[in-house]
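Peer 1: next come a sequence and a model predicted from it.
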Amino acid sequence: MTTTAEAPKPSEEWNTFLSQVKAIEKKDSNMTSDQQIERLHKPGAKYLNLNPFYVLQVDPDATEDELKKQYRRLSILLHPDKNPNNRDQATGAFEVVSRANKLLQEKETSDKFKLILTDAENRVLKMVNLNVTLKIHCF
(Lines give C-alpha, C1' and ligand atoms only; values in the text may rest on other atoms or scores of the structure.)
Protein backbone atom coordinates (compact mmCIF):
# COMPACT_ATOMS: atom_id res chain seq x y z
CA MET A 1 0.00 0.00 0.00
CA THR A 2 1.34 3.47 -0.83
CA THR A 3 1.71 6.06 1.84
CA THR A 4 1.15 9.75 1.37
CA ALA A 5 3.37 12.57 2.52
CA GLU A 6 2.43 14.43 5.65
CA ALA A 7 -0.71 16.44 5.07
CA PRO A 8 -0.35 20.20 4.84
CA LYS A 9 -2.01 22.20 7.59
CA PRO A 10 -5.58 23.18 6.58
CA SER A 11 -6.19 26.88 6.10
CA GLU A 12 -9.11 28.81 7.58
CA GLU A 13 -10.64 28.91 4.10
CA TRP A 14 -10.40 25.11 3.86
CA ASN A 15 -11.98 24.61 7.29
CA THR A 16 -14.86 26.92 6.34
CA PHE A 17 -15.36 24.98 3.12
CA LEU A 18 -15.40 21.65 4.99
CA SER A 19 -17.93 22.90 7.53
CA GLN A 20 -20.19 24.02 4.66
CA VAL A 21 -19.89 20.58 3.04
CA LYS A 22 -20.77 18.90 6.36
CA ALA A 23 -23.86 21.13 6.67
CA ILE A 24 -24.98 20.12 3.17
CA GLU A 25 -24.38 16.45 3.96
CA LYS A 26 -26.45 16.75 7.13
CA LYS A 27 -29.30 18.36 5.18
CA ASP A 28 -29.05 15.65 2.51
CA SER A 29 -29.31 12.90 5.11
CA ASN A 30 -32.91 13.98 5.78
CA MET A 31 -34.04 13.57 2.17
CA THR A 32 -37.21 11.76 1.13
CA SER A 33 -37.02 8.67 -1.05
CA ASP A 34 -37.72 10.73 -4.20
CA GLN A 35 -34.98 13.19 -3.26
CA GLN A 36 -32.51 10.36 -2.58
CA ILE A 37 -33.36 8.75 -5.93
CA GLU A 38 -32.81 12.11 -7.65
CA ARG A 39 -29.48 12.58 -5.79
CA LEU A 40 -28.21 9.23 -7.08
CA HIS A 41 -29.39 9.90 -10.65
CA LYS A 42 -28.56 13.61 -11.09
CA PRO A 43 -26.09 14.69 -13.79
CA GLY A 44 -22.59 13.73 -12.72
CA ALA A 45 -23.87 11.13 -10.26
CA LYS A 46 -22.25 8.33 -12.25
CA TYR A 47 -18.86 9.66 -11.11
CA LEU A 48 -19.94 10.70 -7.62
CA ASN A 49 -21.43 7.24 -7.13
CA LEU A 50 -17.95 5.74 -7.50
CA ASN A 51 -17.32 6.96 -3.93
CA PRO A 52 -19.18 4.55 -1.63
CA PHE A 53 -18.95 7.01 1.28
CA TYR A 54 -20.78 9.63 -0.82
CA VAL A 55 -23.43 7.11 -1.85
CA LEU A 56 -24.11 5.98 1.71
CA GLN A 57 -23.71 9.52 3.07
CA VAL A 58 -21.26 8.48 5.76
CA ASP A 59 -17.93 9.83 6.87
CA PRO A 60 -14.94 7.65 5.92
CA ASP A 61 -14.28 7.27 9.65
CA ALA A 62 -17.77 5.88 10.30
CA THR A 63 -17.92 2.78 12.44
CA GLU A 64 -19.13 -0.55 11.09
CA ASP A 65 -22.34 -0.07 13.08
CA GLU A 66 -22.94 3.38 11.56
CA LEU A 67 -22.39 1.95 8.07
CA LYS A 68 -24.90 -0.85 8.70
CA LYS A 69 -27.54 1.54 10.06
CA GLN A 70 -27.17 3.97 7.18
CA TYR A 71 -27.24 1.18 4.60
CA ARG A 72 -30.42 -0.24 6.14
CA ARG A 73 -32.02 3.22 6.22
CA LEU A 74 -31.21 3.96 2.58
CA SER A 75 -32.05 0.48 1.30
CA ILE A 76 -35.49 0.65 2.91
CA LEU A 77 -36.03 4.19 1.65
CA LEU A 78 -34.95 3.33 -1.92
CA HIS A 79 -36.36 -0.17 -2.26
CA PRO A 80 -38.35 -0.49 -5.53
CA ASP A 81 -41.33 -1.96 -3.66
CA LYS A 82 -41.50 1.21 -1.55
CA ASN A 83 -41.40 3.37 -4.70
CA PRO A 84 -43.97 1.85 -7.08
CA ASN A 85 -44.46 5.13 -8.97
CA ASN A 86 -40.74 5.41 -9.68
CA ARG A 87 -39.73 1.75 -9.77
CA ASP A 88 -37.06 1.93 -12.52
CA GLN A 89 -35.10 4.77 -10.97
CA ALA A 90 -35.59 3.32 -7.48
CA THR A 91 -34.14 0.02 -8.71
CA GLY A 92 -31.07 1.82 -10.07
CA ALA A 93 -30.60 3.81 -6.86
CA PHE A 94 -31.10 0.69 -4.73
CA GLU A 95 -28.42 -1.12 -6.75
CA VAL A 96 -25.97 1.79 -6.33
CA VAL A 97 -26.50 1.76 -2.54
CA SER A 98 -26.15 -2.04 -2.38
CA ARG A 99 -22.92 -1.93 -4.41
CA ALA A 100 -21.49 0.82 -2.16
CA ASN A 101 -22.33 -1.20 0.93
CA LYS A 102 -20.74 -4.32 -0.51
CA LEU A 103 -17.54 -2.40 -1.30
CA LEU A 104 -17.27 -1.04 2.23
CA GLN A 105 -17.89 -4.44 3.81
CA GLU A 106 -14.54 -5.62 2.45
CA LYS A 107 -11.86 -4.14 4.73
CA GLU A 108 -9.16 -4.08 2.04
CA THR A 109 -11.41 -2.26 -0.41
CA SER A 110 -12.65 0.14 2.26
CA ASP A 111 -9.05 0.94 3.24
CA LYS A 112 -8.19 1.65 -0.41
CA PHE A 113 -11.09 4.09 -0.71
CA LYS A 114 -10.01 5.82 2.50
CA LEU A 115 -6.45 6.12 1.18
CA ILE A 116 -7.70 7.58 -2.12
CA LEU A 117 -9.88 10.12 -0.29
CA THR A 118 -7.04 11.10 2.04
CA ASP A 119 -4.67 11.52 -0.89
CA ALA A 120 -7.24 13.60 -2.79
CA GLU A 121 -7.83 15.81 0.26
CA ASN A 122 -4.08 16.33 0.68
CA ARG A 123 -3.73 17.30 -2.98
CA VAL A 124 -6.58 19.79 -2.72
CA LEU A 125 -5.08 21.25 0.45
CA LYS A 126 -1.73 21.69 -1.31
CA MET A 127 -3.44 23.38 -4.27
CA VAL A 128 -5.45 25.70 -1.99
CA ASN A 129 -2.34 26.57 0.04
CA LEU A 130 -0.31 27.08 -3.15
CA ASN A 131 -3.05 29.32 -4.54
CA VAL A 132 -3.07 31.40 -1.34
CA THR A 133 0.75 31.64 -1.47
CA LEU A 134 0.66 32.74 -5.12
CA LYS A 135 -1.92 35.42 -4.36
CA ILE A 136 0.20 36.74 -1.52
CA HIS A 137 3.36 36.89 -3.68
CA CYS A 138 1.55 38.54 -6.58
CA PHE A 139 0.53 41.60 -4.55
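Peer 2: Happy to help now that I have it.
Peer 1: P10: what secondary structure?
Peer 2: Assigned with DSSP: H, G, I helix; E, B strand; the rest coil, P10 falls in the coil class.
Peer 1: quick one: average confidence on the top helix by length along the chain?
Peer 2: Longest among the helix segments of the chain by residue count, using DSSP state H, is helix 107-138. For helix 107-138, the per-residue pLDDT values average out at 78.
Peer 1: again, but for stretch 51-60
Peer 2: The average of the pLDDT scores along stretch 51-60 is 92.
Peer 1: span of it from start to end?
Peer 2: End-to-end distance for stretch 51-60: 10 Å, by C-alpha to C-alpha, to the nearest Å.
Peer 1: look up how far G92 lies from the residue nearest the centre of the chain.
Peer 2: Residue closest to the average C-alpha location in the chain (C-alpha atoms, centre = their mean): Y54, at 2.0 Å. Per C-beta to C-beta, to the nearest Å, Y54 is found 16 Å from G92. All C-beta atoms are positioned from the backbone trio N, CA, C, and that covers glycine.
Peer 1: try H41
Peer 2: Distance of H41 to G92, given as C-beta to C-beta: 7 Å.
Peer 1: which residues in this protein form strands?
Peer 2: Assigned by DSSP state E, the strands in the chain number zero.
Peer 1: quick one: list the elements packing against the longest helix of the chain.
Peer 2: For helix 107-138, the elements it packs on are helix 12-28, helix 52-56, helix 87-105, judged by 3 or more C-beta pairs under 8 Å, 6 or more residues apart in numbering; DSSP states H and E.
Peer 1: before I go, just wanted to say thanks for your time.
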